[in-house]
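A.B. asks: I would like the atomic coordinates for the input below:
(chains A and B)
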Amino acid sequence: MADQYDPDSVHERVVAHWDAVDAYEQTKDHRSDGEDFFFVDGPPYTSGAAHMGTTWNKTLKDVYIRYLRMQGYDVTDRPGYDMHGLPIETKVEEKLDFENKKDIQEFGEEAFIEECKDFAEEQLVGLQEDFESFGVWMDWDNPYKTISPEYMEGAWWGFSQAHERGLVEQGKRSISQCPRCETAIANNEVEYEDVSDPSIYVKFDLQDREGSLVIWTTTPWTIPANTFVAVDEELTYQGVRAHKGDDSEVLWIAESCVEDVLSKGRYDDYEVIDQATGEEMVGWKYEHPLREAVPDAPEGEDALQVYTADYVEADRTGLVHSAPGHGEEDFARGEDLGLDVFCPVGGNGVYDESAGAYAGQFVKDADETIMDDLEANGNLLSRGTTHHSYGHCWRCDTGIIQIVTDQWFITVTDIKDEMLANIEDSEWHPDWARDNRFRDFVEEAPDWNVSRQRYWGIPLPIWLPSEARSASEPSSGQGPRDPVEWSGDMDDAIVIGDREELADRVDQDIDSETVDLHKGTVDELTITEDGVTYERVPDVFDVWLDSSVASWGTLNYPDQTEDFEELWPADLIMEAHDQTRGWFWSQLGMGTAAVGEIPYDEVLMHGYALMPDGRGMSKSKGITVEPQEAIDEGGADPMRAFLLAQNPQGEDMRFSWEGMDSMGRNLNILWNVFRFPLPYMRIDGFDPAEITVEDADLEEIDEWVLSRLQTVEAEMTEHFEDRRQDRAIETLMDFVVEDVSRFYVQAVRDRVWQEGDDGSKEAAYATLYRVLEETVALLAPFTPFIAEEIYQYLTGDAGYDTVHMCDWPEPDGTLRDVGLEDEIEVVRAVEEAGSNARQQAERKLRWPVKRVVVDVDDQEVGGSIELQAGLLADRLNARSIEVVGPEEEWGELTYSAEADMSKLGPAFGDDAGTIMNALNDASVAEPTVAALESAVGSELDQGVDLEAEMVEFVRNTPEGVASTEFEALDGGGVVYVDTTLTEDIESEGYAREVIRRVQEMRKDLDLEMDARIRVEYEIADDRVAELVKEREDLIAEEVRADAFGGVKDGYRKEWEIEGVDAEIAVAEV
RNA sequence: GGGCCAAUAGCUCAAUCAGGUUGAGCGCUCGGCUGAUAACCGGGAGGCUGCCGGUUCAAAUCCGGCUUGGCCCA
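C.D. replies: Below is the predicted model:
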């Protein structure tokens, strides 16, 4: 057994042991008949190594899975990996030095997909190694991968279910488009950064009246698509005649914005000539400011008019340039108004032919030209620049553009009420995460755009009509075909739900068992039904859709149905708070759309891992603490213990090196507690099967620590059920450090040191054994390595092959005694105060004290001390313990008073000095003014009237007595320690000084624990030598000495004992 | 710009829901102890409970505003 706790070597040994005995497999088999518990792993994304947040997350999952297994559950523990998506595509593009989609086309779609797959698989291996390195036990041989055909089929199935319910549609939507990646990106993939942009004020000339509307924008490139101007219905707008030099013009601006706009336009002066509310302005027509350059720009009966909109604010000009072909709000309002959508911009951010003069230009590059044109045609009131936050692609950092494109949607807005009802079926920790954040998000969520115009993803399982055979052609013929346009009606589209259906319906011959479902394969497949040939739409799914089906994808549904029927929905999931908008949401949306239910019953939402100083971690900025670094520095168990000691409910966690070290120290204490009795047990051949706490002759302190153990078990279970494993490990560590190490082990050391057969010693062994055995079981979910090592050492062949097969310890009522726990709590409080008093009196614990008097103010406290007087005497090394009850006075106490001259002076004048001296000399038995008056009166031979405010009482203890106050239970009191020396006490004190030095010498000699010795000592002071000699029996017993004197070639050392020179020699017999 | 969460000793946190002298562990410091020894025990210092205002006899706690940090959304 190693002397020192070394997490790394423990780790190494335990991993080897696990491998040797198939510990993981055995543990799972052991529970295979248990009640099912369906845990679902939120799949980490395979584009990088595990960071501290992932590490925390997986460690949390591990602790709960291990705990649930110990509770008897058969836990599903299939890990998952999220392996599709744009982030991986961009990494591969970087690797291959690609710039845009064209490079991918040239490289070949299929080859590119292959590269993405290899990249994702490579990352997976790295992640998995990381997870295993800190002891996470999941089914690593059989992870679910979002790129496997079985899993992708799960996504198809979910999507087709949503389609069955009529929740799938194609539609135009304003989306955030990355012009480099040439795909729509989700709003939560947009990162905002501060940038410089144009800031222009533009005049839109009114048609039926004098003047122009003034709008403000930072995106000149959207002006070609301007379709209407929005106002606030309640706001007041003013028509002002503005003068600049000799010219003047009429401008319409919101009242509160007039001054500001006119100063921007550098006008000299103005007067208000007209006024209208937004409502009154509705229907005013205006000219498109870029009609010449963009002849196709919106026009028509309803276009180029003023409308109200709720997105208008009295800011800038109070009128808002609106282009339904771009902005999301503009689009929505335009749709309400039935306006045509004009979007002259392609997916790559380049104007198409409809943009007239600007065709072929990248929109951001066209800003300058457009502003020049506006200036030239007199429609530009002001141009400048502004700094604001603008959306960028989270992967390639390109500025996003809002454009309207055809996308595929799951129309979750149609089932919003159902989703809101479904979230009630889930229990969240913490509860506010559900009732505030999550509900808000669900309420505001728009339809889910699930299509991406990319390659590395699950292809949409939608086939649309593309061509039809002429009716006259024979069905087998290869005759001419007519292109067919899809009607837009989902009844005319084909949505495939699984591989079998795919194989059945496609024209080509494929094997449903082996077919790959990626673009490279399925793009080639066509379906011909009723003379119409259908082709797949080229899009792939938004990667969020992949993980949204994890609750059945984990179970390979629909390929296999049994587990799904048995287990679904998930009993528990746990992820960080960013998943409120991610996985928690996507699963709810998909679950409700496909199955009508929320796919999880319970959510544990934890926080983020932050830097020790509270900053967020960021790999790109190099601000991280790497898990591997933490493992190297502190060890896997201490790191886990630290992470698990953090509140897992919603709060962020600051990583702390000190915190981790502190956990390491606690584990070291456990190690020492465990190591302490081993040599003794070995000497005595203790057999834990032979002597258990049930039949040993327990002493009260044994009963106490066993009772504490039961209480700890009950508390820990409660904490685990509340999903507060941090409180559970804190409870356990507190027990190990405070109760077992600092109290119990100290209390039983003498018993363990006894030689030969001894019932008391055996009881201590049995107790320690039970405590350790159950403690390591309680610790096993948290720090699986050290728990295993100690467990194996303790139980040997008698136990399981792994501690993780143990049942979770349940409190045993027959071992629990709350009254006893209270009594010991009192003892510990009194002991602490007694130690303090000893220190004041400078009497070390080795020297016995004559007596300890405890003056209590509470019956229960006093009773506890009386009941535990023996233990207390032992702990305080006191010859006797006396209790003074709440109604009693300790007769040996006296009180004196300190005079306050600022009060005495005015009251007594010339006599004040004399009275002060009498007061200060007085000593009374009780702290009352009356007693003082009487004492002072007899001293001075005259009556004195004292007031309470004139004096302050001081408690005087008898000579040689020190005191300290204490508190315990609902009361407290004062501990008095009488350190008066007697010859007998001195004799024992000196003897113990000798004992301690001989023990140290035994240790220097590295003697076996039970080695016998001869001891010789010479002390310079005859009196001290005589006192020591009186206690030779005690010394002999304590140091295992057979005889005194006659040491010839022994180990000899000079000492100083309490200022007296001494020489001690020791030799093994 | 909006929502949610947080802010208490140098650090990590508890006490906040249900108002009543603020506490714990670690760290620091001083002293002690020594067959668990890189362990252990005791003492001490250390707090306008982020800021401002309100309710109340009384606010870390309830209410409002602000500041800072985190997450989410725009």
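A.B. asks: which parts of stretch A:295-302 are buried?
C.D. replies: A:297-298, A:302 (16 or more other Cβ atoms under 10 Å). For every residue, glycine as well, the C-beta is placed using N, CA and C.
A.B. asks: which one of those sits closest to RNA strand B?
C.D. replies: Using Cβ to the nearest atom of the strand, the shortest approach to RNA strand B within those belongs to A:P298, at 22.8 Å.
A.B. asks: that closest one in helix, strand or coil?
C.D. replies: coil (DSSP: H, G, I helix; E, B strand; the rest coil).
A.B. asks: so what's it scoring on pLDDT?
C.D. replies: Looking at A:P298, its pLDDT reads 92.
A.B. asks: so what's it up against?
C.D. replies: Listed by Cβ atoms under 8 Å, 6 or more residues apart in numbering, the contact set of A:P298 reads A:225-227, A:288, A:304, A:339-340, A:342.
A.B. asks: what's the neighbour count on the closest residue to A:L380 other than its chain neighbours?
C.D. replies: Nearest non-adjacent residue to A:L380, counting by Cβ to Cβ, 6 or more residues apart in numbering: A:L374, 4.1 Å away. By other Cβ atoms under 10 Å, 22 other residues sit near A:L374.
A.B. asks: filter the contacts of A:P298 down to the buried ones, PyMOL style.
C.D. replies: Those of these that count as buried under 16+ other Cβ under 10 Å are selected in PyMOL with:
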select buried, chain A and resi 225+226+227+288+304+339+342
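A.B. asks: enumerate the residues of the stretch 551-700 of chain A near RNA strand B.
C.D. replies: A:577-578, A:580-581, A:607-608, A:610, A:612, A:614-616, A:646-647, A:650-654, A:656, A:658-659, A:662, A:665, A:668-669, A:672-673, A:675-676 (Cβ under 7 Å from any atom of the strand).
A.B. asks: sorry, back to before: the residue nearest to A:L380 sits in which helix or strand?
C.D. replies: Per DSSP states H and E: A:L374 is located in helix A:363-376.
A.B. asks: and that helix, what does it pack onto?
C.D. replies: For helix A:363-376, the elements it packs on are strand A:190-205, strand A:380-393, judged by 3 or more Cβ pairs under 8 Å, 6 or more residues apart in numbering; DSSP states H and E.
A.B. asks: quick one: name the residues of the stretch 851-1000 of chain A near RNA strand B.
C.D. replies: A:992, A:996, A:999-1000.
A.B. asks: what stretches of the stretch 51-200 of chain A score poorly on pLDDT?
C.D. replies: Counting by pLDDT under 70, the ranges of the stretch 51-200 of chain A that qualify are A:188.
A.B. asks: please, where are all the strands along it?
C.D. replies: All strands of the stretch 51-200 of chain A, identified by DSSP state E, counting those that start in this stretch, fall at A:74-76, A:80-81, A:144-145, A:168-178, A:183-185, A:190-205.
A.B. asks: ok, the stretch 251-400 of chain A next?
C.D. replies: Under DSSP E, counting those that start in this stretch, the stretch 251-400 of chain A gives strands at A:269-277, A:305-308, A:320-322, A:380-393.
A.B. asks: of the strands of the stretch 51-200 of chain A, which approaches RNA strand B most closely?
C.D. replies: Using Cβ to the nearest atom of the strand, these put strand A:190-205 closest to RNA strand B, at 3.5 Å.
A.B. asks: where does chain A have its least confident helix or strand?
C.D. replies: helix A:901-908 (a mean of 63; mean pLDDT, DSSP states H and E).
A.B. asks: could you find the closest non-adjacent residue to A:G334?
C.D. replies: Going by Cβ to Cβ, 6+ apart, A:G334 has A:P324 as its nearest residue, at 2.8 Å.
A.B. asks: mind listing what the closest residue to A:A433 other than its chain neighbours touches?
C.D. replies: Distances taken as Cβ to Cβ, 6+ apart place A:M605 nearest to A:A433, at 4.7 Å, with adjacent residues excluded. If a contact means Cβ under 8 Å, 6+ apart, then A:M605 has A:428-430, A:433, A:574-577, A:579-580, A:584, A:649-650 as its contacts.
A.B. asks: want to try a markdown table for these, with pLDDT and neighbour count as columns?
C.D. replies: Output for those, formatted as a markdown table (pLDDT from 0 to 100; neighbours: other Cβ atoms under 10 Å):
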| residue | pLDDT | neighbour count |
| --- | --- | --- |
| A:W428 | 91 | 22 |
| A:H429 | 89 | 20 |
| A:P430 | 87 | 19 |
| A:A433 | 85 | 19 |
| A:M574 | 94 | 23 |
| A:E575 | 93 | 20 |
| A:A576 | 91 | 23 |
| A:H577 | 88 | 20 |
| A:Q579 | 89 | 21 |
| A:T580 | 87 | 21 |
| A:F584 | 94 | 28 |
| A:Q649 | 87 | 20 |
| A:G650 | 85 | 18 |
